[in-house]
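Enquirer: What shape does this take:
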Amino acid sequence: MADPTESCVMTMTVTTTPASDLAFTNLAYCSPSDLRCFAVPGTPDLFLANVGESISDGSIALNSIQRRHARVSAGDIVSVTRFIPPESFDLTVLTVDLEFVKKGTKNEQIDATLLSTQLKKKFTNQVLTVGQRVTFEYHGTNYIFTVNRAVIVADDENQTNCIERGMICKDTYFVFEASNASGIKIINQRESVTSKIFKEKEFNLQSLGIGGLGAEFVAIFRRAFTSRILPRDVVNRIGAKHVKGMLLFGPPGTGKTLMARQIGKMLNGKEPKIVNGPEVLSKFVGETEKNVRDLFADAENDQKTLGAE
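Expert: Reported below is the predicted structural model:
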């Protein structure tokens, strides 16, 4: 028998999962004698292997999502090898996009805190890759999540390490996203947030009067506020730095000032200062620079007294 610590390469035949419920585990299944190998069917994607009593030696069972992602079909011959996780491989933050298996069936409201707990129970110690799609059952409904971003603690603990893949652990923090067309509404995404920057946990763009700028708002939110929905201990572990400002560029009348005003209503802060360019300029040497510094004086004082709060 091969040494379990050594890497082994086998040639196996792809087959379908023997039971429908096994399709929601994200596991690859093989015979007991073949269990010594982790499956990497022809791609850099990783699937944890488990025993399938009805599977013959030399076969590996993958569900349809796994076969599609690995670009293999039932009956294909693939090379399978063992994968040993390296050091510092546990995921700190995992951002995923949610959708229904059957699109357009209904609308659903999902509690991010409860779903995160369930996913960690189902998938702890599994390796996930950016771009990978995983099926799962939650409260009687079948969903798919797609991995958008994976973050681990870098070797230098003061740095964030965005990687291609990592392993889910009990401390992995999930960030859930869902498009408007998906029919899924994420609630309590910020349930565990210690920051008091947001007035409300959920935002309605229509009520803010910027419903027509949904895509732009999502881009701004991801860049400026995503790090602030993470618990403080997670931010400290990955060494994330909060964005302190953003420049909106465009011709007059395209909604820049409107977005600044309305975003200000979401935050537990002061009303934004709206300043026209000519108002800052001065004919005196150094006066223009002083005017700019004065505009940021309140923000600097808040940073000194409140910090990241």
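
Enquirer: ok, longest strand in the protein?
Expert: If each strand of the chain is counted by residues according to DSSP state E, the longest one is strand 141-153.

Enquirer: Show me which residues of that one are buried.
Expert: Within strand 141-153, the residues scored as buried using 16 or more other CB atoms under 10 Å are Tyr143, Ile144, Phe145, Thr146, Val147, Arg149, Ala150, Val151, Ile152, Val153. The C-beta positions use only the backbone N, C-alpha and C, and glycine is treated the same way.

Enquirer: The second one bridge partners, please.
Expert: Translated: Ile144. Taking DSSP bridges, one finds Glu99, Thr135 as the beta-bridge partners of Ile144.

Enquirer: so it makes contact with Tyr138?
Expert: No: counting by CB atoms under 8 Å, Tyr138 is not a contact partner of Ile144; they are 11.1 Å apart.

Enquirer: And for Phe100, the neighbour number?
Expert: As a burial measure, the neighbour count of Phe100 was computed by other CB atoms under 10 Å and equals 18.

Enquirer: for Glu177, same thing?
Expert: Glu177 is surrounded by 19 other residues when neighbours are defined as other CB under 10 Å.

Enquirer: how close does it sit to Ser282?
Expert: If you measure Glu177 against Ser282 using CB to CB, to the nearest Å, the figure is 45 Å.

Enquirer: By pLDDT, rank the buried residues of strand 141-153 and give me the bottom one.
Expert: Of all the buried residues of strand 141-153, the one the model is least sure of by pLDDT is Val153, with 64.

Enquirer: could you pull out the helices for the stretch 101-250 of the chain?
Expert: Ranges of helices in the stretch 101-250 of the chain, per DSSP state H, counting those that start in this stretch, are 112-123, 205-208, 214-224, 232-238.

Enquirer: looking at the ones you listed, which has the lowest confidence?
Expert: helix 205-208 (a mean of 57).

Enquirer: what's the spacing between the closest residue to Lys273 other than its chain neighbours and Ile274?
Expert: Using CB to CB, 6 or more residues apart in numbering and skipping the chain neighbours, the partner closest in space to Lys273 is Leu295 (6.1 Å). With distances defined as CB to CB, the gap from Leu295 to Ile274 amounts to 11 Å.

Enquirer: pLDDT below threshold where in the stretch 51-200 of the chain?
Expert: 51-53, 104-105, 153-162, 190-200 (pLDDT under 70).

Enquirer: Start and end of stretch 272-285, how far apart?
Expert: In stretch 272-285, first residue to last residue: 27 Å (CA to CA, to the nearest Å).

Enquirer: and what of stretch 274-283?
Expert: 21 Å.

Enquirer: Repeat that for stretch 123-140.
Expert: End-to-end distance for stretch 123-140: 18 Å, by CA to CA.

Enquirer: Return the set of buried residues in that stretch.
Expert: Under 16+ other CB under 10 Å, the buried positions of stretch 123-140 are Phe123, Gln126, Val127, Leu128, Thr129, Val130, Gln132, Arg133, Val134, Thr135, Phe136, Tyr138.

Enquirer: Pick out whichever of those sits closest to Thr16.
Expert: Nearest to Thr16 among these: Thr135, at 13.7 Å, using CB to CB.

Enquirer: Distance of that closest one relative to Asp97?
Expert: Distance of Thr135 to Asp97, computed by CB to CB: 14 Å.

Enquirer: do Ile163 as well
Expert: Taking CB to CB as the measure, Ile163 and Asp97 are separated by 18 Å.

Enquirer: what do you get for Leu267?
Expert: 25 Å.

Enquirer: just Val243 next, same as before
Expert: Summarising the geometry, the distance separating Val243 from Asp97, computed by CB to CB, is 22 Å.

Enquirer: how about the strands in the stretch 151-300 of the chain?
Expert: 160-163, 165-167, 173-177, 184-187 (DSSP state E, counting those that start in this stretch).

Enquirer: Reformat those strands into a markdown table and put distance to Ala112 next to each item.
Expert: Below are the strands of the stretch 151-300 of the chain laid out as a markdown table (distance: least, CB to CB, whole Å):
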| stretch | distance to Ala112 |
| --- | --- |
| strand 160-163 | 21 |
| strand 165-167 | 20 |
| strand 173-177 | 5 |
| strand 184-187 | 5 |
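
Enquirer: This completes my enquiry, with thanks.
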